[in-house]
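Student: no sequence on hand, only this structure:
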């Protein structure tokens, strides 16, 4: 059986299609409302991009995310702290946060699982609030899928 060789133009087209698919997969997704909050998910957010997005949100943000993503974003832009009403880390029950950051955020919680993080968010929920879930690293697609499934189940109630 003969293998068909792709021309350089076909290879470029395939590479572009893959890049667009990856960009769509990793971009900010709106999921609608849960507990009166607007819910968004984001895989592999860059600190500068997530900072700009948080600044653009019209309401305070509850951020459920990984410790590394949250802290790197704070280092990039401390001014987003004024937009955040709660940080819930789902991958670190014990973590260190700089005092000047801690003083500016009303609620900071560390948990070991996404489900535990969601349970904590129930006590922070408020109307006219954004719930932002972000994830990166190993298992990121599964983590987002689990979170989105929970949101969809909750929306159906």
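Tutor: Sure, I can see it. Predicted model, so just to flag it, every value in this text is computed and none were measured.
Student: hmm, residue 86 and residue 108 touching each other?
Tutor: Yes - with contact defined as C-beta atoms under 8 Å, residue 108 and residue 86 form a contacting pair (7.3 Å). All C-beta atoms are positioned from the backbone trio N, CA, C, and that covers glycine.
Student: more neighbours, the two?
Tutor: residue 86 (22 against 15; other C-beta atoms under 10 Å).
Student: assign a three-state SS to the more buried one, would you?
Tutor: strand (DSSP: H, G, I helix; E, B strand; the rest coil).
Student: tell me the contacts of the closest residue to it other than its chain neighbours?
Tutor: Of all residues not flanking residue 86 in the chain, residue 107 sits nearest, at 3.8 Å (C-beta to C-beta, 6 or more residues apart in numbering). Neighbour list for residue 107: 85-88, 124 [criterion: C-beta atoms under 8 Å, 6 or more residues apart in numbering].
Student: quick check: phi and psi at residue 107.
Tutor: phi -130, psi 130 (degrees, to the nearest 10).
Student: which pair in the contacts of residue 107 spans the largest distance?
Tutor: 85 and 88 (10.7 Å; C-beta to C-beta).
Student: ok, those two, which is more surrounded?
Tutor: residue 88 (24 against 16).
Student: how near is that one to residue 64?
Tutor: Distance of residue 88 to residue 64, computed by C-beta to C-beta, to the nearest Å: 5 Å.
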